[in-house]
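In: Generate a structure from the sequence data that follows.
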Amino acid sequence: MTVTATVRPAPKSREERTFDLDIVAAVAATTTFGIGMAKGTFAVKRLEVISPSDYAADPANYYTIDVRPHGGSAALSWSTQSTADGALSANVVAEKDGPVGPLAAGQLDVVCTKAAAAANLPAQTRVRVTIVLL
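Out: Numbering: from 1, shown residues only. Coordinates of the predicted model:
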């Protein structure tokens, strides 16, 4: 009797990288922030938003905060629209989980998009993005 075994290499461990954006001044209009570079194909694992104060949800006047490849479409987002994700509570992590990908290597952006007459996003809002290199 002959026994054959197929040896498969163990999967590579996937490196996680975290990018933090500390918004120093209040955001009063749609704004794009470059947060870093992904040096290889990646997936967006998590988006976290931490506001220093309560930010109310509204059906028409809201912000959408998303992470995307530079010039690309949103991979993950948080919207303060009342029919979407809703309000941000002071110093509480609002998070969305992925993974979303694969995405091509390159610059990562956080885009804060203002709808109608939304109140300014407060200064000291933190956005944390975690990616996994594939």
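In: Next, name the residue at the spatial heart of the protein.
Out: Centroid check for the chain by C-alpha atoms, centre = their mean gives Leu47 as the closest residue, at 3.4 Å.
In: what residues are up against it?
Out: The neighbours of Leu47, taking C-beta atoms under 8 Å, 6 or more residues apart in numbering as the test, are 65-67, 76-78, 95-96, 98, 127-129. Any C-beta I mention is one placed from the backbone N, CA and C, and that applies to glycine too.
In: likewise Cys112?
Out: By C-beta under 8 Å, 6+ apart, the residues touching Cys112 are 23, 27, 30-33, 63-65, 121.
In: What number of neighbouring residues does the nearest residue to Ala56 once chain neighbours are set aside come out with?
Out: Leaving aside its sequence neighbours, Ala56 sits nearest to Ala87 (C-beta to C-beta, 6 or more residues apart in numbering; 5.4 Å). By other C-beta atoms under 10 Å, 15 other residues sit near Ala87.
In: how much space between Ala87 and Glu16?
Out: Separation of Ala87 from Glu16 (C-beta to C-beta, to the nearest Å) stands at 29 Å.
In: returning to that earlier point: just to check, the residue nearest to Ala56 is in contact with Ser53?
Out: No - using C-beta atoms under 8 Å, Ala87 and Ser53 do not qualify as a contacting pair, with a distance of 11.1 Å.
In: wait, Gly106 sits on Ala38?
Out: Yes - the criterion here is C-beta under 8 Å, and Gly106 meets it with Ala38 at 6.4 Å.
In: higher neighbour count, the two?
Out: With neighbours defined as other C-beta under 10 Å, Gly106 and Ala38 compare such that Ala38 has more, 22 against 14.
In: And the closest residue to that one other than its chain neighbours, what's its pLDDT?
Out: In space, Ala38 comes closest to Ala105 once its chain neighbours are excluded; the distance is 5.3 Å by C-beta to C-beta, 6+ apart. The model reports Ala105 with a pLDDT of 95.
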